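Undergrad: prediction below, plus the sequence it came from.
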Amino acid sequence: MIATIDGDGRHFTDFGWLKTYWLFSFADYYTPDNIQFGPLRVFNDDVVVPGTGFPTHPHEEMEIITIVLDGEITHKDSMNNTSVIKAGDVQRMSAGTGLSHSEYNSGKAPAHFYQIWIYPDKHGLRPTYDQRSFKKEEWRNQLLPLASGQRHKNVVRFHSSATIYRGELDPGRAISYETTEDRRIFLYLTSGKLVVNRTRLLPKYQARIDLEKNLMLQAEEKSDFILIDLPTCRGWGYDKKTLQGGRF
């Protein structure tokens, strides 16, 4: 099953310094049937103007991944990390028991980046930080794992059984991705036109995919996208024994 949400289905807010599209309920935007997808809790498409940014603020019990598409963001946190995250860079903070940080655009151009929040598999972890640089040719005509809690090498590591991929396909190119029915796939199309198992995606579309065994992704035109492989959350609702009912 492939459910799609077009670009207009995102929540847009213009704060002046920040133009942002929220793909899930966030801050004062709340839709009860759009809280999360598996352990994927947040996917924000942000643009921050130069000389502005997010002042110091706290996080806890979340894996926070930042993927910079254009420009740069300067990061400072309570773990004494200071870094500049540039286009092609991927940063991860495991908030764990608690941290605080700030993000400012100290560059001369707008900073365009994705912020992705994923629930960790374990709580009470010590806060940690990781960052890695990738080159565009590494994800051209293939899926490149950027961040993962699975068995991938040369990635930013996080504490969830999930993997974030980036891909860019030339017109007419196609790639396949094998999945299983106990996994969920989230896809966000940055640009281009992409067909996923006969479902057509246009720029800024989301695909939320369940109960598919294999995916075929084919580009109608040059297409840049993020694909996130996620576990299906278990333990929600009632177990089978409870559903059998009882008498008193």
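TA: Thanks, I have it. Numbering: from 1, shown residues only.
Undergrad: any low-confidence regions in the chain?
TA: Within the chain, the ranges that satisfy pLDDT under 70 run 233-240, 243.
Undergrad: could you check how far the spatially most central residue of it is from Q36?
TA: Closest to where the C-alpha atoms of the chain average out (C-alpha atoms, centre = their mean) is I116, at 3.7 Å. The spacing between I116 and Q36, counted by C-beta to C-beta, to the nearest Å, is 12 Å. Glycine gets a C-beta too; all of them are placed from N, C-alpha and C.
Undergrad: export stretch 169-177 as PDB, just CAs?
TA: Output of stretch 169-177 as PDB, limited to C-alpha atoms (Å, rounded to 0.1, in the frame of the first residue of the first chain):
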ATOM      1  CA  LEU A 169      18.100   9.500 -10.400                       C
ATOM      2  CA  ASP A 170      18.800  10.700 -13.900                       C
ATOM      3  CA  PRO A 171      15.800  10.800 -16.300                       C
ATOM      4  CA  GLY A 172      14.800   7.200 -17.200                       C
ATOM      5  CA  ARG A 173      16.900   5.600 -14.600                       C
ATOM      6  CA  ALA A 174      15.400   3.100 -12.200                       C
ATOM      7  CA  ILE A 175      16.500   1.400  -9.000                       C
ATOM      8  CA  SER A 176      14.900  -1.300  -6.900                       C
ATOM      9  CA  TYR A 177      14.600  -1.500  -3.100                       C
END
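Undergrad: now find how far off-centre the helix or strand hosting P55 is within its chain.
TA: Element membership for P55, per DSSP states H and E: strand 53-59. Relative to its chain's centre, strand 53-59 lies at 19 Å (C-alpha atoms, centre = their mean, to the nearest Å).
Undergrad: show me what counts as buried in that strand.
TA: Using 16 or more other C-beta atoms under 10 Å as the test for burial, strand 53-59 gives 53-54, 59.
Undergrad: circling back: list the contacts for the residue nearest to the centre of the chain?
TA: With contact set as C-beta atoms under 8 Å, 6 or more residues apart in numbering, I116 has these partners: 40, 42-44, 64-67, 164, 228.
Undergrad: S94 now?
TA: Taking C-beta under 8 Å, 6+ apart, one finds 63-64, 120, 125-129, 158-159 in contact with S94.
Undergrad: what subset of the residues you listed is buried?
TA: If you count burial by 16+ other C-beta under 10 Å, the buried members of the contacts of S94 come out as 63-64, 120, 127-129, 158-159.
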